[in-house]
Structures are given as C-alpha cells and as structure tokens.
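*Asks:* sequence unknown, structure follows:
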C-alpha cells in the first residue's frame, strides 16, 4: 500500500486508461477523484464516473465522482476546491482526458482543431494550474501527462492532434523546471505499442494482436508516483522502457491476444500510424 492516505485526481477516469490508472492507484491505498464527463451510461461508450467510483471503493479506499469538462475553467477550479474540501490534500494529478482527431490539415475543420487543443493542451494546463498551489503548499506532488516525447516529424496527417499532445509534454518539461525545488514533479508518459481503448477500436487502429492492455500505462504511473518528486521530474517516458528500468522483464501479461506480442512502434514510427 505505497500510497496509503494519498489523494489522486484522474481525468477521463470513467473508462479505458483513466479507469485503469484510478484502480491501480486505489490498489496501493490511494483515494481517487474520478473526474470525467460521463454521468449516464451510453451503449457506445460504457462506463460512468459513478461506475468507476464504485470500483475504486470496492478496493477499500474513498472515491469522489466528479463530473468534469476540462474546457470549463470554473468547473476545473471547482474540482480542485471540492477535492481539498473532501480530502484536505492533492498528491497526484493524471491528465488523461483526451480528444482524438487524426486527419490531414485540409480535412481538419477549425472546430476540431479547437476541440483537441481545448481538451488536450489547454485542459491539461487548466487542471495542472488548479491543483499546483495545493501541491506547492504541501511540498509534495506528482503531475502526469499522457502525452508523447516531442518529435515534430511524426505530426503529418494528424497535425492538430500532435500540436495538442506535444503541448502537454512541453507543460511537463516547463513545469518541472519551475517547481522541482518545491518537491513537485511533472512527467509525460506514452505507450510503446498501440493500446486497447475505445479510441483505437472506434478509429479502426489495429486489432488485439497489435494492442496491449492499458494496465501497462497504469503500472508505469504507479512506478512514477512511487518516486520522490524532486528526484524524478521533467521526463517524457515510454511505458515499456520505464518499466524495464524498474526491473520488469515479462510483458506477456499485457497482451490483448495471449498468442501475439504487439509490435513496438518507435517514436518515429508514429509518423505512419493513422496515415490516410
């Protein structure tokens, strides 16, 4: 129970990666704010903040379901205030809420550009800015962006999306320089392979033989948060590489297809993913 008494906010936590991160933190004794938009079940996108909160509570910790639109600054501030009122502290923030749109520039309406920028880069900035004063005051905190290392050559055919995701990573690098001395860390995390999610399913990005379970990202997040913040900050990490550095050697349990090891996609290889 490495995080007994700690408190985490996980955005986009009603399903997929966010839900699995929330559950992984709960297994380590962390109380969790399940922050996401979905409050009513949808057959196309199963899972609500209330469903995920019940799963967290079943692990013996407290959960606070909070309906959140990361584009609404007042809503974001209310989330931070409610968390402090409920728990008295904020130790971890996982900026997982995301919008996906992979098209070339001429196929990208400005409203889609605004959506991915608003949810990804701006939303992560807003959530981070809301919790940061509390982390600085308590002299402890970890912030994690679900975003890739900055590699401009992979932006083709998904320019808007990559601008928004690179923006999240730049927040991690920049904030690390600003608050490392306050024992607050900010890092970014990205998968080595495709991950099974409603995004990859709905966009037709591969199949089970190409996917890993999102548990690998959840386990990496737990490993990152296990470190003293000032000692580990400002990194843009790949899940498999980080876990190998922590001594993990067997990744077969993360396979979606037990008989197939998903192909690793080098960062430069993302230039071809989703290319039309």
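*Replies:* Done, it's in. Keep in mind that what you see is a predicted model, and the values were worked out from it rather than measured.
*Asks:* From residue 38, how far out is residue 67?
*Replies:* 8 Å (C-beta to C-beta, to the nearest Å). (Each C-beta comes from the backbone N, C-alpha and C, glycine too.)
*Asks:* Check the contact lists of those two and give me the overlap.
*Replies:* Counting by C-beta atoms under 8 Å, 6 or more residues apart in numbering, the common neighbours of residue 67 and residue 38 are residue 49.
*Asks:* tell me which helix or strand of the chain sits lowest on mean pLDDT?
*Replies:* Ranked by mean pLDDT, DSSP states H and E, the weakest helix or strand in the chain is helix 198-202, scoring a mean of 76.
*Asks:* Distance from the chain centre to whichever helix or strand comes after that helix, please.
*Replies:* Beyond helix 198-202 on the C-terminal side, the first helix or strand identified by DSSP states H and E is strand 211-212. In terms of C-alpha atoms, centre = their mean, to the nearest Å, the centre of strand 211-212 is found 16 Å from the chain centre.
*Asks:* Remind me what the helix or strand following strand 211-212 packs against, helices and strands.
*Replies:* Downstream of strand 211-212, the first helix or strand assigned by DSSP H and E is helix 215-225. Helices and strands touching helix 215-225, by 3 or more C-beta pairs under 8 Å, 6 or more residues apart in numbering; DSSP states H and E, are helix 16-27, strand 141-146, strand 184-190, helix 239-245.
*Asks:* buried ones in the least confident helix or strand of the chain?
*Replies:* Neighbour-count burial for helix 198-202 flags 199-200 (criterion: 16 or more other C-beta atoms under 10 Å).
*Asks:* What ranges does this structure have for its helices?
*Replies:* Listed in chain order, the helices of the chain (DSSP state H) span 16-27, 49-57, 73-87, 110-116, 123-138, 159-179, 198-202, 215-225, 239-245.
*Asks:* so what's residue 166 closest to, chain neighbours aside?
*Replies:* Leaving out its chain neighbours, the residue that sits closest to residue 166 by C-beta to C-beta, 6 or more residues apart in numbering is residue 150, at 4.8 Å.
*Asks:* Contact partners for the one you found?
*Replies:* Residue 150 touches 166, 169-170, 236, counting by C-beta under 8 Å, 6+ apart.
*Asks:* Neighbour-wise, give me the winner out of these.
*Replies:* Using other C-beta atoms under 10 Å as the neighbour test, the contacts of residue 150 are led by residue 169, with 25 neighbours.
*Asks:* any idea how far residue 258 is from that residue?
*Replies:* According to C-beta to C-beta, residue 169 stands 33 Å off from residue 258.
*Asks:* got it, and residue 9?
*Replies:* 34 Å.
*Asks:* re earlier: pLDDT and distance to residue 129 for the contacts of residue 150 - can I get that in a markdown table?
*Replies:* Shown next, in a markdown table, are these (pLDDT from 0 to 100; distance: C-beta to C-beta, whole Å):
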| residue | pLDDT | distance to residue 129 |
| --- | --- | --- |
| 166 | 98 | 19 |
| 169 | 98 | 16 |
| 170 | 98 | 14 |
| 236 | 98 | 20 |
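*Asks:* and which of those is nearest to residue 52?
*Replies:* residue 169 (26.0 Å; C-beta to C-beta).
*Asks:* residues contacting residue 45?
*Replies:* 15, 38, 198.
*Asks:* Among those residues, which one sits closest to residue 112?
*Replies:* residue 198 (17.9 Å).
*Asks:* Was I right to think the closest one contacts residue 17?
*Replies:* No. With contact defined as C-beta atoms under 8 Å, residue 198 does not count as touching residue 17 (10.0 Å).
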